[in-house]
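Chemist: 3D model of this:
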Amino acid sequence: MTGNSLTHMLLLRTAGGQCDLEPKRLLDVFADQRRRLRADLGSFGPEEWAAPTRCPGWSAHDVVRHLCDVTRALTAGPGDRTYDMHAGFDPRTTPSRWLAASAGESPAATLDRLAATTDEALVSARERLTRDDRFDVVLPYGPMDWTVQALHVLWDSWLHERDIFLALRAGRPADAEATGYASAYGLFIAAAVAHMFGDGVSERLVLGGDGGGVFELDTNDSVTLTVTRTATDGPPAAAVTDALAGRGSAAVLDGLPDQARTALTHLATFFTTEVDET
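Modeler: Got it, this is the predicted structure:
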């Protein structure tokens, strides 16, 4: 990615317009998503833990170790630069380097660590909300309020849950709220990356299925996203979120105008571009 970092608000509004992000509810949805994921992983045997996923070169065990690494972000303090691309973070390569620290860890130990890091992160985040702490951390596209970091962690967890279970051809229970938050954030970061590449997006997307609704993007002055939750027809929100992250077919975006489709797929192109680390 190239370009300058952005400072902008993420607007997630219900149809009544009474809230922006609802961080307390976001944390509850994240807790539920992780509770379900941990329960499902607890039934895995050696074959499932070693099975390939949608992440090239990563087994299910590797993906869960990665989730442990990412979850620690929710305990980061003001100005944290773990995910700052100007400080050397690259989402295509850095997470693989992090895995070296847990090489040789057993699946049982990883599952225990996932439970511990999730609980620690939730306690820390909820205490911050109680104190009304407000500070920025640096995400790949620029500085954002720490509550958006929580949204990033939920999106990452939702996406990697699908990376594991869809590769195993195992169905996932419907979770409209987690899918809604993940879809909103997937669109937001795709628009933020497009803005970094100099492509503006002003688009109204109508998505169907779990987590669907009306998603209005605007990158004129800053990157904002207003979401109206409603049952509607349209491309499935989950499939669109997959495509924006470089999973699945981008054909699900074919209904968009050419300029918007090109702009919103910069992120997927970046994720799927091989990196020479020699």
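
Chemist: drop to CA atoms for contacts and neighbour counts, all remaining ones
Modeler: Fine.

Chemist: how near is Phe270 to Gly212?
Modeler: With distances defined as C-alpha to C-alpha, to the nearest Å, the gap from Phe270 to Gly212 amounts to 25 Å.

Chemist: the more surrounded of the two?
Modeler: With neighbours defined as other C-alpha atoms under 10 Å, Phe270 and Gly212 compare such that Gly212 has more, 29 against 16.

Chemist: phi and psi next, for that one.
Modeler: Dihedral angles of Gly212 (phi, psi; degrees, to the nearest 10) stand at phi -80, psi 180.

Chemist: ok, it - contacts?
Modeler: Each residue near Gly212 by C-alpha atoms under 8 Å, 6 or more residues apart in numbering is listed here: 176, 180, 206, 229-232, 236-237.

Chemist: which pLDDT value goes with it?
Modeler: The model reports Gly212 with a pLDDT of 90.

Chemist: checking my notes, Val137 in a strand, right?
Modeler: Yes. Assigned with DSSP: H, G, I helix; E, B strand; the rest coil, Val137 falls within a strand.

Chemist: that one bridge partners, please.
Modeler: Met144 (DSSP bridges).

Chemist: for Pro91, see how far away it is.
Modeler: Relative to Pro91, Val137 is positioned 16 Å away (criterion: C-alpha to C-alpha).

Chemist: one more: Ser124?
Modeler: Computed as C-alpha to C-alpha, the Ser124 to Pro91 distance reads 25 Å.

Chemist: number of nearby residues for Gly57?
Modeler: For Gly57, which is what you asked about, the neighbour count (other C-alpha under 10 Å) is 9.

Chemist: scratch that, Trp49 is what I was asking about
Modeler: Summarising burial for Trp49: neighbours were counted as other C-alpha under 10 Å, giving 18.

Chemist: buried set for the helix or strand hosting it?
Modeler: Secondary-structure element containing Trp49, defined by DSSP states H and E: helix 46-50. With burial defined by 16 or more other C-alpha atoms under 10 Å, the residues of helix 46-50 counted as buried are 48-49.

Chemist: also stretch 258-270?
Modeler: Using 16+ other C-alpha under 10 Å as the test for burial, stretch 258-270 gives 260-268, 270.

Chemist: ditto for stretch 120-128
Modeler: The neighbour-count criterion (16+ other C-alpha under 10 Å) identifies 121-122, 125 as the buried residues of stretch 120-128.

Chemist: so which of the buried residues of stretch 258-270 sit within helices?
Modeler: 260-264, 266-268, 270 (DSSP state H).

Chemist: closest one of these to Gly104?
Modeler: Of all these, Phe270 has the smallest distance to Gly104: 30.1 Å, by C-alpha to C-alpha.

Chemist: ok, that closest one to Ala245 distance?
Modeler: Using C-alpha to C-alpha, which is the criterion applied here, Phe270 is 9 Å from Ala245.

Chemist: how about Leu41?
Modeler: Leu41 sits at a distance of 23 Å from Ala245 (criterion: C-alpha to C-alpha).

Chemist: please apply the same query to Lys24.
Modeler: Lys24 sits 26 Å away from Ala245 when distances are taken as C-alpha to C-alpha.

Chemist: for the stretch 151-278 of the chain, give me the ranges with low pLDDT.
Modeler: When the per-residue scores of the stretch 151-278 of the chain are filtered using pLDDT under 70, the ranges that remain are 173-174, 276-278.

Chemist: one step back: with distance to Ala76 added, can I get the buried residues of stretch 258-270 in a markdown table?
Modeler: Output for the buried residues of stretch 258-270, formatted as a markdown table (distance: C-alpha to C-alpha, whole Å):
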| residue | distance to Ala76 |
| --- | --- |
| Ala260 | 34 |
| Arg261 | 34 |
| Thr262 | 34 |
| Ala263 | 31 |
| Leu264 | 29 |
| Thr265 | 30 |
| His266 | 28 |
| Leu267 | 25 |
| Ala268 | 27 |
| Phe270 | 26 |
